[in-house]
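Colleague: Next comes the sequence, and after it the predicted model I'd like to discuss.
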Amino acid sequence: MNRLILFLSFSFIIFSCKAQPGDPQAPIKVGAERFDQYIPLLESQSAGLVVNQTSIVGNTHLVDTLKALGVDIKKVFAPEHGFRGQADAGEVVKDGIDTRTQLPIISLYGKNKKPSADQLADIDVVIFDIQDVGARFYTYISTMHYVMEAAAENKKKVLILDRPNPNGMYVGGPVLEEEFSSFVGMHPIPIVHGLTVGELAQMINEEGWLENGAKADIEIVKCENYNHKMSYSLPVKPSPNLPNDLSIKIYPSLCLFEGTVISVGRGTYAPFQQIGHPDFEGMPHQFTPKSIEGMSKYPKHEGETCYGHLFEEQNATRAFDIQYLIDYYNLYNGKEPFFNAFFNKLAGNATLQQQIVEGKIKSEIEASWQAELNRYKLMRNNYLLYPDF
């Protein structure tokens, strides 16, 4: 481990020359970059990594960085979209061998969403380092839940390398009801939860949300120079259909359209930046979904011109907004039902769909969430690792 000692000494010299914590100009340093905080913990430890294309240190993948430092990596666990982030949404991720590193890849998206005892047998510590976007239905946090649960059952340590939440400056939407729990919503939290993965891991652990109230042995390497008031531009797109800051900003609101007949632009190069339907001729914007390998193989309304709305940075607010959902429901008069069975899973309840069908306005619907949302905010305060908005 002499190379680790030399590396840490060099890192200390470099980072000590940078702006100090508390300096408003200091750059955010993600958990994976804080080597002095976690490399010593990995000495003589075998590791399994839960990572994807967002798990980078500078311009280098965490796997390559840790291998170069002599960390004993046994395998990689891959979430939805795969290790390299090239699988379509919902596409089964297969086990295999990574051609770049020759490491075994174990899929955690498909039939096997939770590491088995056999898969953890040769591992001392599981390292989780994946960029989240702050929405309840983004499945990387569900993968984290199952990794924590498996680690608790098999007495393995979980090391979470935290990253900023690009939508971490607010909380919004309905809180999930238990009967609607699924892989796109496992916890009684609102659609926009306002937590980093490290903060959420603490909440999952301490609120007893793991099976049988188990608690994982977790250690969190915090970000440096980050707070929840900050905007954060992701250096790598977190999934194939969130290609830029604009799509990430409005994703929490537009994802509910996935449970309807309306297209969110999958099958174009501007997904989650436009919405539309073939029946809405006369609307100001149009697009035609097509199959795009690595983004959307079988998009909704493939080959049909959809008419609707284009979002742009200047007219996209960072807030959870159901007004477009209400408006498009009222516009639609097609043959098939507007909502499909997926909608209530995304919403986390059956109430939102009913309220829209009944013609309730945005303010009435939002008011119905408020009591649960206020209770959640109080609970959230107990788990914050960073200054709040």
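Modeller: Yes, it's here. Numbering: from 1, shown residues only.
Colleague: can you give me the helices in the stretch 151-300 of the chain?
Modeller: Applying DSSP state H, counting those that start in this stretch to the stretch 151-300 of the chain gives helices spanning 197-206, 245-254.
Colleague: what's in contact with the first one?
Modeller: Right, the one you point to is helix 197-206. 31, 128, 130, 132, 140-141, 144-145, 148, 158, 160, 162-163, 165, 187, 189, 193, 195, 209-210, 215-216, 218, 220-222, 379-380, 382-386 (C-beta atoms under 8 Å, 6 or more residues apart in numbering). Quick note: C-beta positions are derived from backbone N, CA and C, even for glycine.
Colleague: From these, which land in strands?
Modeller: Counting by DSSP state E, the part of the contacts of helix 197-206 found in strands is F128, V158, I160, I218, I220, V221.
Colleague: hang on, isn't the fourth one packed against K156?
Modeller: No - at 10.5 Å, I218 does not count as touching K156 under the criterion of C-beta atoms under 8 Å.
Colleague: can you pull the pLDDT of the residue positioned nearest the centre of the chain?
Modeller: In the chain, the centroid-proximal residue (C-alpha atoms, centre = their mean) is D132; its distance is 3.1 Å. The model reports D132 with a pLDDT of 98.
Colleague: Could you do I250 as well?
Modeller: Taking I250 on its own, its pLDDT is 97.
Colleague: does it really touch A319, like I thought?
Modeller: No - using C-beta under 8 Å, I250 and A319 do not qualify as a contacting pair, with a distance of 9.4 Å.
Colleague: And these two? Which one has more around it.
Modeller: I250 (23 against 13; other C-beta atoms under 10 Å).
Colleague: What separation is there between that one and L242?
Modeller: For I250, the distance to L242 equals 10 Å [C-beta to C-beta, to the nearest Å].
Colleague: Show me whatever sits in contact with both of these two.
Modeller: With C-beta under 8 Å, 6+ apart, I250 and L242 have common neighbours F272.
Colleague: what sits against N241?
Modeller: So N241 contacts A89, S247, R266, P271, F272, M295, S296 (C-beta under 8 Å, 6+ apart).
Colleague: between those, which is nearest E366?
Modeller: Relative to E366, the closest of these is F272; by C-beta to C-beta it sits at 21.9 Å.
Colleague: Now do the closest one: how many residues are near it, please.
Modeller: For F272, using other C-beta under 10 Å, the count is 25.
Colleague: For it, which non-adjacent residue is spatially closest?
Modeller: Excluding its sequence neighbours, the residue lying closest to F272 (C-beta to C-beta, 6 or more residues apart in numbering) is S247, at 4.0 Å.
Colleague: quick one: contacts for that neighbour?
Modeller: N241, A270, P271, F272, Q273.
Colleague: likewise A347?
Modeller: Counted by C-beta under 8 Å, 6+ apart, A347 has contacts P174, F180, I191, L256, G259, Q353.
Colleague: Highest neighbour count among those?
Modeller: In these, the most neighbours by other C-beta under 10 Å go to I191, 26 neighbours.
Colleague: In three-state terms, label I73 for me.
Modeller: strand (DSSP: H, G, I helix; E, B strand; the rest coil).
Colleague: where does the residue nearest to A350 when sequence neighbours are not counted land on pLDDT?
Modeller: Nearest residue to A350, sequence neighbours excluded (C-beta to C-beta, 6+ apart): N344, at 5.1 Å. On the pLDDT scale, N344 is placed at 98.
Colleague: Many thanks, have a good one.
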